[in-house]
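> fold the following.
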Amino acid sequence: MQADLKEQVPLAKAESMSAFGNDTLLIEKYVEQARHIEFQVVGDHFGHLVYLPERDCSIQRRNQKVIEESPSPFIVPEVRKAMGEQAVSLAKAVGYNSTGTVEFVVDAHRNFYFLEMNTRLQVEHPVTEAVSGLDLVELMLAIASNQRLNVSQEQAATVKGAAVECRVYAEDPSRNFAPSPGLLKVYREPEGPGIRVDSGVEEGSEISVYYDPMVAKLVTSGANRQQARTTMEDALDRFVVKGVVTNMPHMRSCLANPAFQKGDYNTSFIPTYYGGTSGLDPLAFPLTEHQQQDLFAAAVFTHVNRARRFDPHYLDRPGHKRPLTLSWRDVHSNKLVPLEVMVRPATVQMVGQEGVAAGALEIQLPNRVAYVYSIQQLPGVNKPPQYNTYLRHFMVDGKSITVQVAKFIPRGVILQYLGAQREIYIETAAAAALSKYMPTGAVAGQSRVVRSPMTGALVEILVDHGSDVRVGDDLVIIEAMKMRNAVKASRSGIVDEILAKKGDIVTADQPLIKFW
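Numbers count the residues shown, from 1 in each chain. Here you go, the predicted model:
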């Protein structure tokens, strides 16, 4: 903890000085297992003030919210009432009118402490609109034009269903959430009942280095928390963004986490479940064995479908079968794990919502047999399907799943399922036997060149030619999108050359420092 404090204090002071011209730091009460709970208040010019259902904003990175929901799964009615009344009391004490947000920190025993008040709408206000049925922007305009607020406290506090918001950022969680500016080469928003997307971008838009990296706000609602959450899971699965790295795989993995599903989380959720050297790498996100085999079955089906396009007789008759080797990379050991699979046309007729499943396969995996066929779109989606290079919908053993192509790579593909990604190669047995002779990339941390993890301004260089560096030492500070980011050494060594100078605008993967 002391080492973290020593590192973070100078960064916090510099960021504060840059933004506010004042680097004073305040020491505040430490609340263990804290949750970040806030209340929307609305008041007119005639003294009438009400509070709306609370928002739980405890899923955070860098002390900034990424997933919000309403109502909180942690707050009970009597605490909700007490906190709401405190929020209204505060607003009345200062004669507040319009919409505002009163924020609290809540401990494990539901004791709550005032944090701050924001005299504006928050990014996450759509979840409150979803569960209250009120249009907050309309209320702001009505109050500004001196109209009375015709909403009673009882009406305002009534919870109607549940809602979840995920903030889609152009940032790379595997690089400590470093900003990922660039061009949106592909941008496809999900649509459907209970899905709302607030954004100001389209395909071809640029995410600039000079502004906040938010791409969109994805909001889902339902009759209850489970319905809102599962709708969000489906929406994230179908939201396709290429050209920049986003935090969507990480948020999707968070939603699949059993602790989140039970509502058992606090502001330490991300470091608790995604800590360690590879914890924020989508290739390391957890899948159960059954889920991973669902993904492998979908990958094999995709491989066979592609082979059929080149050879119409590939597995075209009952009784035909093909042995294949599926290899996936274990990021912890950086080794490929080979699995032997057997594929044949399905021996049973499968019928789905689109009729008899043509081309269905029976795939023998190491621990199970999976029956797989592709579908044009998910059950319950009535909009005419549109071709999307990056999305695949399947029925695997009667269950619908959506798999997204995260990246095409030489001889293989990186597929994404439930937020987790897997690097997969599917080959004949003969080709797989030769693969071990193919050259592989350098293991992370062994390269002599330190590269920039993001595009931004190089504001500090903390080493010199000849500096003796140890693993974890800060090398440079890069400022991007109002945030300062320390680039650390992933290896020990002596600095041979500084490849950029202070004040440069550096790009992602640009060489910065070279070791002997």
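
> residue ranges with poor pLDDT in the protein?
1, 277, 348-358, 377-387, 439-446 (pLDDT under 70).

> kindly recompute the last result at 80.
For the chain, the stretches flagged by pLDDT under 80 are 1-4, 27-28, 276-278, 316-319, 347-358, 376-388, 429, 432-433, 435-447, 481-483.

> give the residue farthest from the middle of it.
Going by CA atoms, centre = their mean, the residue of the chain most distant from its centre is Gly319, 43.5 Å out.

> show me what the residue lying closest to it once chain neighbours are set aside is bridged to.
Using CB to CB, 6 or more residues apart in numbering and skipping residues adjacent in sequence, the residue nearest Gly319 is Arg344, 7.4 Å away. Any C-beta I mention is one placed from the backbone N, CA and C, and that applies to glycine too. According to DSSP bridges, the partner residues bridging Arg344 are Glu362.

> surely Arg344 touches Asp316?
No. If you go by CB atoms under 8 Å, Arg344 and Asp316 don't touch, sitting 11.2 Å apart.

> between these two, which has more neighbouring residues?
Neighbour count, other CB atoms under 10 Å: between Arg344 and Asp316, Arg344 has more, with 16 against 11.

> measure the residue nearest to Gly319 to Trp328 for me?
For Arg344, the distance to Trp328 (CB to CB, to the nearest Å) stands at 22 Å.

> got the CA positions of the longest helix that the chain contains in PDB?
Secondary structure of the chain per DSSP state H: the longest helix is helix 289-310. The C-alpha coordinates for helix 289-310 follow below in PDB (Å, rounded to 0.1, in the frame of the first residue of the first chain):
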ATOM      1  CA  GLU A 289     -15.200 -25.900 -19.200                       C
ATOM      2  CA  HIS A 290     -18.700 -26.300 -20.700                       C
ATOM      3  CA  GLN A 291     -18.700 -22.700 -22.000                       C
ATOM      4  CA  GLN A 292     -15.300 -23.000 -23.500                       C
ATOM      5  CA  GLN A 293     -16.300 -26.200 -25.300                       C
ATOM      6  CA  ASP A 294     -19.400 -24.300 -26.600                       C
ATOM      7  CA  LEU A 295     -17.000 -21.800 -28.100                       C
ATOM      8  CA  PHE A 296     -14.800 -24.500 -29.500                       C
ATOM      9  CA  ALA A 297     -17.800 -26.200 -31.100                       C
ATOM     10  CA  ALA A 298     -18.800 -22.900 -32.800                       C
ATOM     11  CA  ALA A 299     -15.200 -22.500 -34.000                       C
ATOM     12  CA  VAL A 300     -15.200 -26.000 -35.600                       C
ATOM     13  CA  PHE A 301     -18.600 -25.300 -37.200                       C
ATOM     14  CA  THR A 302     -17.200 -22.100 -38.700                       C
ATOM     15  CA  HIS A 303     -14.100 -23.900 -40.000                       C
ATOM     16  CA  VAL A 304     -16.200 -26.600 -41.700                       C
ATOM     17  CA  ASN A 305     -18.500 -24.000 -43.200                       C
ATOM     18  CA  ARG A 306     -15.600 -22.200 -44.700                       C
ATOM     19  CA  ALA A 307     -14.200 -25.500 -46.100                       C
ATOM     20  CA  ARG A 308     -17.500 -26.300 -47.700                       C
ATOM     21  CA  ARG A 309     -17.400 -23.100 -49.600                       C
ATOM     22  CA  PHE A 310     -14.200 -24.200 -51.300                       C
END
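
> what comes up buried for that helix?
By neighbour count on 16 or more other CB atoms under 10 Å, the buried set for helix 289-310 is 292-304.

> tell me which other helices or strands the next helix or strand after it touches.
Taking DSSP states H and E as the definition, the helix or strand that follows helix 289-310 towards the C-terminus is strand 322-330. Here strand 322-330 touches helix 289-310, strand 335-345, strand 420-427, helix 429-435, going by 3 or more CB pairs under 8 Å, 6 or more residues apart in numbering; DSSP states H and E.

> turn these into TSV, columns for distance to Val42.
Shown next, in TSV, are the helices and strands packed on strand 322-330 (distance: least, CB to CB, whole Å):
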stretch	distance to Val42
helix 289-310	43
strand 335-345	56
strand 420-427	41
helix 429-435	62
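
> which of these sits closest to Lys488?
Closest approach to Lys488 among these is made by strand 420-427 (23.7 Å; CB to CB).

> alpha carbons of the closest one, as CSV, please.
Extracted as CSV, the C-alpha positions of strand 420-427 are listed here (Å, rounded to 0.1, in the frame of the first residue of the first chain):
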residue,chain,number,x,y,z
ALA,A,420,-13.8,-13.9,-23.0
GLN,A,421,-11.5,-14.3,-26.0
ARG,A,422,-9.6,-17.4,-27.2
GLU,A,423,-6.9,-17.6,-29.8
ILE,A,424,-7.9,-20.7,-31.9
TYR,A,425,-6.3,-22.7,-34.7
ILE,A,426,-8.1,-25.5,-36.5
GLU,A,427,-6.1,-27.8,-38.7
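
> and the contacts of it?
Strand 420-427 has contacts (CB atoms under 8 Å, 6 or more residues apart in numbering) with 249, 253, 282-283, 285-287, 291-292, 295-296, 299-300, 303, 324-329, 336, 406, 409, 411-415, 432, 435.

> among these, which ones are buried?
Among the contacts of strand 420-427, those scoring as buried are 249, 253, 282-283, 285, 287, 292, 295-296, 299-300, 303, 324-329, 336, 406, 412-415, 432 (criterion: 16+ other CB under 10 Å).

> my guess is Ala14 contacts Arg484. True?
Yes. The pair Ala14 / Arg484 is scored as a contact, 6.1 Å apart, by CB under 8 Å.

> how far is stretch 63-78 from where the chain is centred?
Centroid displacement of stretch 63-78 relative to its chain, using CA atoms, centre = their mean, to the nearest Å, is 18 Å.

> buried residues, it. List them.
With burial defined by 16+ other CB under 10 Å, the residues of stretch 63-78 counted as buried are Lys65, Val66, Ile67, Glu68, Glu69, Ser70, Pro71, Ser72, Phe74, Ile75.

> over to stretch 138-148?
Leu139, Met140, Ala142, Ile143.

> also stretch 79-89?
For stretch 79-89, by 16+ other CB under 10 Å, it's Val79, Arg80, Met83, Gly84, Gln86, Ala87, Val88.

> identify the residues contacting the third one.
The contact partners of Met83, taken as CB under 8 Å, 6+ apart, are Ile37, Phe39, Glu54, Ile75, Phe104, Phe112.

> can you list the residues you listed in CSV and add secondary structure?
CSV is the format used below for these (DSSP: H, G, I helix; E, B strand; the rest coil):
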residue, secondary structure
Ile37, strand
Phe39, strand
Glu54, coil
Ile75, coil
Phe104, strand
Phe112, strand
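
> Gln153: which of those is nearest?
Using CB to CB, Phe39 is the member of those that sits closest to Gln153, with 12.3 Å.

> go ahead and confirm Thr267 touches Arg35.
Yes. With contact defined as CB under 8 Å, Thr267 and Arg35 form a contacting pair (6.7 Å).

> now the common contact residues for the two.
Among the neighbours of Thr267, those also in contact with Arg35 (CB under 8 Å, 6+ apart) are Ser58.

> the two: which is more packed in?
Each of Thr267 and Arg35 has its neighbours counted (other CB under 10 Å); Arg35 has more, 24 against 19.

> ranges for the strands of the stretch 401-516 of the chain?
412-417, 420-427, 449-451, 456-461, 468-469, 474-480, 483-488, 493-498, 505-506, 511-515 (DSSP state E, counting those that start in this stretch).

> what's the closest of those to Val244?
Proximity to Val244 (CB to CB) singles out strand 474-480 among the strands of the stretch 401-516 of the chain, at 12.6 Å.

> just the C-alpha atoms of that closest one, please, in PDB.
Extracted in PDB, the C-alpha atoms of strand 474-480 (Å, rounded to 0.1, in the frame of the first residue of the first chain):
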ATOM      1  CA  ASP A 474       8.100   3.900 -14.000                       C
ATOM      2  CA  LEU A 475       9.800   4.900 -17.300                       C
ATOM      3  CA  VAL A 476       7.700   7.700 -18.800                       C
ATOM      4  CA  ILE A 477       4.400   9.500 -18.200                       C
ATOM      5  CA  ILE A 478       1.900   9.800 -21.100                       C
ATOM      6  CA  GLU A 479      -1.100  12.100 -20.900                       C
ATOM      7  CA  ALA A 480      -4.100  11.100 -23.000                       C
END
